[in-house]
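Asks: one predicted model, sequence on top.
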Amino acid sequence: MIDLPDLFPGFGSRTFDTGEAKIFARTGGSGPPLLLLHGYPQTHVMWHRVAPALAERFACVIPDLRGYGASSVPASAPDHAPYSKRAMARDMMALMRGLGHERFAVAGHDRGGRVAYRLALDQPKCVRRLAVLDIVPTYAMWHDFTVKLAMKTYHWLFLAQPEPLPERLVGGDPDFYLDWTIASWTRDHSLDPFDPRALAHYRAFFRQPERIHACCEDYRAGQNTDLAADEADAAAGRKIACPLLALWGEAGIPGETASPLAAWQVFADDVRGEGIPSGHFVCEENPEEVLSALFLFLTES
């Protein structure tokens, strides 16, 4: 982090020991607490275009998930459970309690959205409102794959392959893989939406072999542990207790599914949302519309 640009002027930074991992987080702003969770293959820096405005009305907590960015890389296990969304959600709960926040709102993009909704399912008394950005539930992804969706999200199948195949292939040229991947998921298939300073953060994180492995473990957990948790909740009729906002890019991943809102209604009763002009990286491609939707949702009485 020392040699990388600071995209959060005025925010504090600190590393928290959750007992299972050491989690790096940015904190800033005042008001009701808001936890912001990033996705793959990025870090907390993905929030840099919306964080200043959010911090005017919320006490923002912006961590790197375990294995990502500047957070620690816990040892993996044969069942991949250390990189399950339930394990990551435990980190986030410990982080928020360490800051004195027992009840808070959560917004998560991509993998962070999966951590966010798992947190809402496992800790219903703690999550006041939940926003998920450009995802449908893990249950819907694995059960409803179409040819079109599989082509767009080939990395779900690739990164979940046994070690060391994806690690070796990604690690052979990590900058190429990262740049190709994120450009291909934007609306215009370009790196233009990304601040070059943010790209420097993403590339620095992605050049580390242990973090490439952690990302693969994240997706391996998605294929077994996370899917099993979703299946158990769906079978039991267990639902997210708080209001849920789903935002997705019109050219993003949920747009390839039959109905993003219907997918979320399997797991929540109070669901609203919409597509916005963007690809997958909504906070960097269209921060204005993301902010508008988040402010309306998070301040709703």
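Replies: All right, it came through fine. Just so you know, these numbers come straight off a predicted model, no measurement behind them.

Asks: now the residue nearest the centre of the chain: which helix or strand?
Replies: Residue closest to the average C-alpha location in the chain (C-alpha atoms, centre = their mean): residue 112, at 1.8 Å. Element membership of residue 112 [criterion: DSSP states H and E] is helix 111-122.

Asks: what does that helix rub up against?
Replies: If you take C-beta atoms under 8 Å, 6 or more residues apart in numbering as the criterion, helix 111-122 is touched by 35-40, 65, 85-86, 88-89, 92-93, 106-108, 126-127, 130-135, 137-138, 218, 222, 226, 229, 233, 238-242, 244, 267. All C-beta spots, glycine's among them, are computed from the backbone N, C-alpha and C.

Asks: if we can go back for a sec, what about the residue nearest to the centre of the chain, distance to residue 79?
Replies: Using C-beta to C-beta, to the nearest Å, residue 112 is found at 22 Å from residue 79.

Asks: ok, residue 225 next?
Replies: Counting by C-beta to C-beta, the separation of residue 225 from residue 79 is 6 Å.

Asks: who's more crowded, these two?
Replies: residue 225 (21 against 11; other C-beta atoms under 10 Å).

Asks: check contacts around the more buried one.
Replies: 79, 80, 81, 84, 86.

Asks: hmm, 6 Å instead?
Replies: 80, 81, 84 (C-beta atoms under 6 Å, 6 or more residues apart in numbering).

Asks: ignoring the adjacent residues along the chain, who's closest to it?
Replies: residue 84 (4.1 Å; C-beta to C-beta, 6 or more residues apart in numbering).

Asks: how about the residue nearest to the centre of the chain: what's its closest non-neighbour residue?
Replies: Leaving aside its sequence neighbours, residue 112 sits nearest to residue 37 (C-beta to C-beta, 6+ apart; 2.9 Å).

Asks: just the strands in the stretch 201-301 of the chain please.
Replies: Taking DSSP state E, counting those that start in this stretch, the strands of the stretch 201-301 of the chain run over residues 244-249, 271-276.

Asks: okay, and the beta partners of the residue nearest to residue 112?
Replies: Judged by DSSP bridges, the bridge partners of residue 37 are residue 108.

Asks: who's in contact with it?
Replies: Taking C-beta under 6 Å, 6+ apart, we find residue 37 in contact with 108, 112, 115, 116.

Asks: need the pLDDT of it.
Replies: Note for residue 37: predicted pLDDT of 99.

Asks: residue 172 versus that one, what's the distance?
Replies: 29 Å.

Asks: ok, now residue 53?
Replies: 39 Å.

Asks: those two: which is more packed in?
Replies: A direct count of neighbours by other C-beta under 10 Å for residue 53 and residue 172 places residue 53 higher, at 16 against 9.

Asks: find the nearest non-adjacent residue to the more buried one, please.
Replies: Nearest to residue 53 is residue 291, by C-beta to C-beta, 6+ apart, at 5.4 Å.

Asks: then residue 83?
Replies: In space, and not counting its chain neighbours, residue 83 is closest to residue 217: 3.9 Å by C-beta to C-beta, 6+ apart.

Asks: same check on residue 43?
Replies: Nearest non-adjacent residue to residue 43 (C-beta to C-beta, 6+ apart): residue 69, at 3.4 Å.

Asks: got the contact list for that neighbour?
Replies: Residue 69 makes contacts with 43, 44, 205, as judged by C-beta under 6 Å, 6+ apart.

Asks: give me the pLDDT for residue 186.
Replies: For residue 186, pLDDT reads 98.

Asks: which residues of the stretch 201-301 of the chain fall in helices?
Replies: For the stretch 201-301 of the chain, the helices defined by DSSP state H, counting those that start in this stretch occupy 209-221, 227-236, 260-265, 282-285, 287-298.

Asks: buried deepest among those helices, which one?
Replies: helix 282-285 (a mean of 26; mean count of other C-beta atoms under 10 Å).
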